[in-house]
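# Everything below, folded, please.
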Amino acid sequence: MGVEKMVCLVSRTGRQFQRYNKGRRQVVGCIPYRFKLSSDGKISDEVEVLVISSQKGHAMMFPKGGWELDESVEEAASRESLEEAGVLGNVEHQLGKWDFLSKSRGTYYEGLMFPMLVTEQLELWPEQHARQRIWMNVVEAREACRDWWMKEALDVLVARLSSPMIQPKEEKTLSISIETMC
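From the prediction side, this is the model:
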């Protein structure tokens with residue numbers, strides 16, 4: 001008998017349980033990444049990142065959304081990656097924190113970004129009909145990404161991956177089972 005996975009196919013909605021810091025809504029995102037396989041099936045040094053389309057399809061970005069009161073920041077990052085991009089993986093040490101102006105809302109948000117080393121890409125996920133997902137190399141992703149602060153987070157990730165000596169000694173990783181996210 002095979003193991004059957006249960007995936008919640010509904011995204012969380014509403015803002016009543018969102019976190020705020022000094023009046024700014026806190027959003028958490030991930031840069032899902034993997035190491036590309038070479039033609040002989042070996043893992044190469046080349047990194048690919050997963051970008052997604054906005055819900056309206058006008059822009060490309062990394063998965064992100066509100067950080068809710070009932071979850072840790074790493075759980076929020078993992079949940080957003082599952083809901084918006086359909087990937088699971090290990091959430092690693094925070095890339096940084098950015099204050100940015102939401103063009104659609106005209107207010108400032110606080111954005112926290114994390115890298116996620118992808119361990120699984122799902123065929124079915126909550127926002128699969130609202131978004132496209134595309135694996136790109138980092139140069140293509142930086143060009144495609146709409147938001148300056150996400151581009152800066154990508155730059156931090158690239159620097160971290162190319163200079164393993166400067167990584168924190170203890171990477172805080174989080175692997176969440178799908179069942180805990182619904």
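# Please put the alpha-carbon coordinates of the lengthiest helix in the chain into PDB.
Counting residues, the longest helix in the chain under DSSP state H turns out to be helix 148-162. Taking C-alpha atoms only, helix 148-162 is exported to PDB below (Å, rounded to 0.1, in the frame of the first residue of the first chain):
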ATOM      1  CA  TRP A 148      12.500  45.700  -6.100                       C
ATOM      2  CA  TRP A 149      12.500  44.300  -2.600                       C
ATOM      3  CA  MET A 150      12.100  40.700  -3.900                       C
ATOM      4  CA  LYS A 151      15.000  41.300  -6.300                       C
ATOM      5  CA  GLU A 152      17.100  42.400  -3.400                       C
ATOM      6  CA  ALA A 153      16.100  39.300  -1.500                       C
ATOM      7  CA  LEU A 154      17.200  37.200  -4.500                       C
ATOM      8  CA  ASP A 155      20.600  39.000  -4.500                       C
ATOM      9  CA  VAL A 156      21.000  38.100  -0.800                       C
ATOM     10  CA  LEU A 157      20.200  34.400  -1.600                       C
ATOM     11  CA  VAL A 158      22.600  34.300  -4.500                       C
ATOM     12  CA  ALA A 159      25.400  35.800  -2.400                       C
ATOM     13  CA  ARG A 160      24.600  33.300   0.400                       C
ATOM     14  CA  LEU A 161      24.700  30.300  -1.900                       C
ATOM     15  CA  SER A 162      27.900  31.400  -3.700                       C
END
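# tell me the mean pLDDT for it?
For helix 148-162, mean pLDDT rounds to 95.
# Give me the contact list for that helix.
Residues from elsewhere that reach helix 148-162, judged by CB atoms under 8 Å, 6 or more residues apart in numbering: 29, 31, 33, 47, 49, 61-62, 64, 95-96, 98, 100, 111, 113, 115, 138, 141-142, 145, 166-167. Every C-beta, even on glycine, is put in place using the N, C-alpha and C of the backbone.
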